[in-house]
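*Asks:* Okay, structure incoming, though there's no sequence with it:
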């Protein structure tokens, strides 16, 4: 069993829809939770990261972490065609664990249709 | 913002040849650089961690004699795939870091390697 499982998709929604992307994990030592966006044939770019449980909002994006359920989500409001990309969740352990050693999900490919 | 470049962006080579991929941090000095491999529709798999002036630390299952990493300066790391075979065909991505947290790590655009 993988340490991080991500809904594989693909996901296709109309412009303006609310998108929910999800990951579950098994390692209770994970403390930092990241979401990356990766356009085709490009490297990932960090969207948001959160520490421990709770919500974090940045513009149209909201990240939620529920450590009791080992479940994280990324919500995208008012989705735009430019949001079409693959979204990767990633997790890492204690503060002393370098982010470069994060464990990544396989990614969910999102298409937002105009 | 911080920019990381990779060169080449794509390369096709014959089986048995070696290929060198460069990773540069353009406007900052990176304390650590990472090399990942990503197969289609799969996650990033960390191959090795490299610090300037010291030997790279390879992840379990990654052959250090096949994937040679040189970190000559705080802005340049290279990955050489030696005696490449078709199964080495993949998307290779580097990242450069100035700290421990996710918002201090910057990814390059990746290099697509195809071995014929």
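*Replies:* Now that the structure is in, tell me what you want to look at. Fair warning: this is a prediction, and the values are worked out from it, not measured in the lab. Residues are numbered from 1 along each chain as shown, chains lettered A, B, ... in the order given.

*Asks:* Now stretch A:56-68: average pLDDT?
*Replies:* The predicted model assigns stretch A:56-68 a mean pLDDT of 95.

*Asks:* neighbouring contacts of that stretch?
*Replies:* A:28, A:33, A:35, A:47-50, A:52-55, A:71-79 (Cβ atoms under 8 Å, 6 or more residues apart in numbering or on different chains). Any C-beta I mention is one placed from the backbone N, CA and C, and that applies to glycine too.

*Asks:* mind running it again at 6 Å?
*Replies:* Under the criterion Cβ atoms under 6 Å, 6 or more residues apart in numbering or on different chains, residues A:33, A:35, A:47-48, A:50, A:53, A:55, A:72-78 lie in contact with stretch A:56-68.

*Asks:* Which neighbouring elements make contact with the lowest-mean-pLDDT helix or strand in chain B?
*Replies:* Least confident helix or strand, chain B: strand B:105-107 with a mean of 89, by mean pLDDT, DSSP states H and E. Here strand B:105-107 touches strand B:90-97, going by 3 or more Cβ pairs under 6 Å, 6 or more residues apart in numbering or on different chains; DSSP states H and E.

*Asks:* What pairs with the strand it packs on, parallel or antiparallel?
*Replies:* Here strand B:90-97 is paired, per DSSP bridges, with strand B:32-38 (antiparallel), strand B:105-107 (antiparallel), strand B:111-115 (antiparallel).

*Asks:* Lowest average pLDDT across these?
*Replies:* strand B:105-107 (a mean of 89).

*Asks:* Which residues does that strand contact?
*Replies:* So strand B:105-107 is in contact with A:43, A:44, A:99, A:100, B:2, B:4, B:93, B:95, B:96, B:97, going by Cβ under 6 Å, 6+ apart.
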